[in-house]
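Novice: Coordinates only, no sequence provided:
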């Protein structure tokens with residue numbers, strides 16, 4: 001038994017298919033000058049074949065996952081057709097290096113350069129470069145690529161990593177889950193697993209060492225466990241758990257069209273976090289009452305240049321139409337910290353989470369924000385859109401952003417372009433500074449949305465990506481709860497509303513405290529919606545208020561959790 005990182009929740013029991021690359025040798029000799037032209041021709045044929053394969057994969061991914069999820073393969077095609085890469089390889093071949101060795105070494109050099117960068121997003125993109133490079137080398141050598149299209153029914157895929165091209169081949173009728181040695185919650189495989197609602201554990205480190213083809217595997221992406229060849233009693237126990245989860249899902253599905261109203265009549269809005277237009281399908285399927293966070297940065301990733309105004313408009317319009325008359329909160333570009341865009345040439349910073357990110361970058365590059373706001377406002381004519389700005393820390397910034405929105409509106413009006421002039425404008429509260437001046441900020445804004453992922457690390461001064469202090473990162477800490485309470489109270493005193501779009505909002509137990517504190521809107525992964533809705537519909541708001549008030553006055557995190565557990569046990 002071992003564990004990893006839950007990428008997508010669920011339980012699967014199946015037979016292992018260990019995805020391993022075919023062994024091959026890279027040439028280590030030296031070419032005769034008469035062989036140079038033939039090697040260059042073989043290399044260029046490999047490029048053509050690679051592009052042909054990637055285009056076919058892109059088309060399949062678009063049909064299965066949607067156009068935006070398929071855009072990653074546009075990036076792969078750009079890698080395969082990169083002129084600088086081609087020139088480097090051709091020069092190496094002219095230097096009498098065999099084509100496969102020239103290509104392999106050039107890819108390795110590029111990968112090594114990226115891997116050394118102190119940037120989690122770029123490090124995860126190393127997998128993309130490797131994926132394309134392997135494909136090109138294999139095509140050059142005439143070796144078939146491993147395929148997941150013909151695996152047996154009831155398969156659990158085991159791999160060192162799953163590349164986007166491999167993940168896109170997964171047949172949901174046959175594959176019931178996957179486990180990888182490496183990867184994180186922001187890797188492409190994890191994102192796709194959640195889009196497919198496929199149980200997955202990544203970053204397990206030892207999966208390919210512990211599991212052989214045909215082994216029986218229990219993938220428990222609820223409790224973060226992988227069991228290899230368990231005894232029959234364990235299998236029976238997990239089958240019982242699966243049946244319970246299936247029955248629970250059926251029961252929860254009955255809540256899809258019901259409001260999230262407590263026993264004594266207090267109503268909350270339950271929304272979904274999305275990253276792409278395709279994600280609205282899950283939001284609708286699970287009964288989201290709107291989108292509380294549309295992470296627009298996915299539109300900007302895995303490409304070589306900024307998306308145009310038209311590209312952004314099309315995406316925002318599609319989301320607005322998919323959600324019909326339900327609200328959609330669109331967060332403007334939140335790049336920096338742990339997210340980078342290679343084509344922006346962002347500086348390497350000692351403290352990127354405290355650095356040139358989000359609106360700070362957009363203030364210095366106004367064309368980025370203006371283009372995005374034009375696209376959002378144009379799309380607002382087709383649905384109930386709201387604009388949310390990340391990383392705001394002061395009234396000065398809030399006023400500046402409001403003026404920029406006003407200027408863009410005036411620009412569109414002068415051009416005769418339709419938009420909703422009543423679009424609400426809010427900020428994401430994720431810094432101690434915003435908490436401390438929340439009473440002043442809310443006078444400038446229409447709403448708040450609390451981003452607990454960053455707020456927790458800033459309040460506690462605990463890097464949420466640092467494994468050595470991971471146990472100190474806890475949104476249930478009294479300091480964080482008091483910050484949340486202050487933000488909600490300030491908005492209500494001003495007659496405004498507060499939502500939450502951090503992971504905490506989708507925690508069914510934490511939701512009891514949040515509801516008691518008066519949080520108006522909860523936004524979460526679509527699959528969490530039914531469970532949170534069920535929990536909140538099962539309690540009385542007046543009792544939740546008393547419990548939440550007691551929770552924020554507890555001296556320690558352990559005391560908060562003990563109080564909450566006692567409340568749950570009694571109710």
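Specialist: Looks like it arrived, so ask away. The structure displayed is predicted, hence computed values, not measured ones.

Novice: quick check, residue 294 in a strand?
Specialist: Yes: applying DSSP: H, G, I helix; E, B strand; the rest coil, one finds residue 294 inside a strand.

Novice: show me what contacts the closest residue to it other than its chain neighbours?
Specialist: Of all residues not flanking residue 294 in the chain, residue 330 sits nearest, at 4.6 Å (CB to CB, 6 or more residues apart in numbering). To be clear about C-beta, it is placed using only N, CA and C from the backbone, and glycine gets the same treatment. For residue 330, the contacting residues are 294, 296, 316, 319, 376, 385, 386, 387, 388, by CB atoms under 8 Å, 6 or more residues apart in numbering.

Novice: Check residue 59 too.
Specialist: Here residue 59 is in contact with residue 70 (CB under 8 Å, 6+ apart).

Novice: any idea which element it lies in?
Specialist: helix 36-65 (DSSP states H and E).

Novice: That helix: which residues count as buried?
Specialist: Neighbour counts over helix 36-65 (16 or more other CB atoms under 10 Å) mark 36, 39-40, 42-43, 46-47, 49-51, 53-54, 57-58, 60-62, 64-65 as buried.

Novice: same thing with stretch 155-162?
Specialist: Buried residues in stretch 155-162, counted by 16+ other CB under 10 Å: 155, 156, 157, 158, 159, 161, 162.

Novice: Now render the residues you listed as CSV, adding distance to residue 358 and pLDDT.
Specialist: Shown next, in CSV, are those (distance: CB to CB, whole Å; pLDDT from 0 to 100):
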residue, distance to residue 358, pLDDT
155, 41, 95
156, 39, 96
157, 36, 94
158, 38, 94
159, 34, 91
161, 29, 85
162, 30, 82
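
Novice: Of these, which is the nearest to residue 247?
Specialist: Residue 247 lies nearest to residue 156 out of those, by CB to CB, at 22.5 Å.

Novice: that's a strand at the closest one, yeah?
Specialist: Yes: counting by three-state DSSP, residue 156 falls inside a strand.

Novice: Touching, it and residue 14? I think so.
Specialist: Yes: counting by CB atoms under 8 Å, residue 14 is a contact partner of residue 156 at 4.2 Å.

Novice: Tell me where the stretch 151-300 of the chain has helices.
Specialist: 164-167, 188-196, 207-210, 232-253, 279-285, 297-300 (DSSP state H, counting those that start in this stretch).

Novice: which one of those helices is the most hemmed in?
Specialist: Highest mean neighbour count of the helices of the stretch 151-300 of the chain: helix 164-167, a mean of 25 (counted as mean count of other CB atoms under 10 Å).

Novice: average pLDDT across that helix?
Specialist: Mean per-residue pLDDT for helix 164-167: 70.

Novice: One more: stretch 6-24?
Specialist: 86.

Novice: so how far is the first residue of it from its last?
Specialist: Stretch 6-24 has an end-to-end distance of 33 Å (CA to CA, to the nearest Å).

Novice: what does stretch 209-224 give?
Specialist: End-to-end distance of stretch 209-224: 18 Å, with CA to CA as the criterion.

Novice: For residue 486, list the residues it contacts.
Specialist: Going by CB under 8 Å, 6+ apart, residue 486 touches 435, 438.

Novice: Quick check: buried residues in the strand or helix carrying it?
Specialist: Residue 486 is part of helix 478-493 when elements are defined by DSSP H and E. For helix 478-493, the buried set under the neighbour-count rule, 16+ other CB under 10 Å, comprises 478, 480, 481, 482, 483, 484, 485, 486, 487, 488, 490, 491.

Novice: Check stretch 496-516 too.
Specialist: 496-508, 510-516.

Novice: Wait, residue 24 touches residue 139, no?
Specialist: No: between residue 24 and residue 139 there is no contact under CB under 8 Å: 11.6 Å.

Novice: Counting neighbours around each, name which of the two comes out higher.
Specialist: Under the neighbour definition other CB atoms under 10 Å, residue 24 and residue 139 were set side by side, and residue 139 has more, 24 against 13.

Novice: Verify the contact between the more buried one and residue 51 for me.
Specialist: No: applying CB under 8 Å, one finds residue 139 not in contact with residue 51, separated by 9.9 Å.

Novice: what about stretch 378-389, start to end distance?
Specialist: 18 Å.

Novice: Tell me which helix or strand in this structure has the weakest average pLDDT.
Specialist: Scoring the helices and strands of the chain by mean pLDDT, DSSP states H and E places helix 164-167 at the bottom, with a mean of 70.

Novice: those helices in the stretch 401-550 of the chain, which residues are they?
Specialist: 432-436, 438-441, 452-460, 478-493, 510-516, 529-537, 541-551.

Novice: nearest to residue 246, of those?
Specialist: Here helix 529-537 is closest among the helices of the stretch 401-550 of the chain (CB to CB), at 13.1 Å.

Novice: Show me what that closest one packs onto, helices and strands only.
Specialist: Helix 529-537 is packed against helix 232-253, strand 260-261, strand 267-274, helix 510-516, with contacts defined by 3 or more CB pairs under 8 Å, 6 or more residues apart in numbering; DSSP states H and E.

Novice: got a list of contacts for stretch 84-101?
Specialist: 26-33, 36, 39-40, 42-44, 46-47, 79, 102-103, 105-107, 110, 137, 140-141.

Novice: at 7 Å instead, please
Specialist: Contacts to stretch 84-101, defined as CB atoms under 7 Å, 6 or more residues apart in numbering, come from residues 26-31, 33, 36, 39-40, 42-43, 102-103, 106, 137, 140-141.

Novice: what are the bridge partners for residue 225, then?
Specialist: Counting by DSSP bridges, residue 225 forms beta bridges with residue 220.

Novice: And for residue 363, the neighbour number?
Specialist: By the criterion of other CB under 10 Å, residue 363 has 15 neighbours.

Novice: just the one 4 residues further on next, same as before
Specialist: When counting by other CB under 10 Å, one arrives at 9 neighbours for residue 367.

Novice: In terms of pLDDT, where does it sit?
Specialist: Residue 367 is given a pLDDT of 95.

Novice: Find the residue closest to residue 411 in space, skipping its chain neighbours.
Specialist: Distances taken as CB to CB, 6+ apart place residue 374 nearest to residue 411, at 7.3 Å, with adjacent residues excluded.

Novice: Now the phi/psi pair for that neighbour, please.
Specialist: Geometry field for residue 374 lists phi and psi as phi -60, psi -40, criterion degrees, to the nearest 10.

Novice: what stretches of the stretch 401-550 of the chain score poorly on pLDDT?
Specialist: 465-467 (pLDDT under 70).

Novice: All set, thanks.
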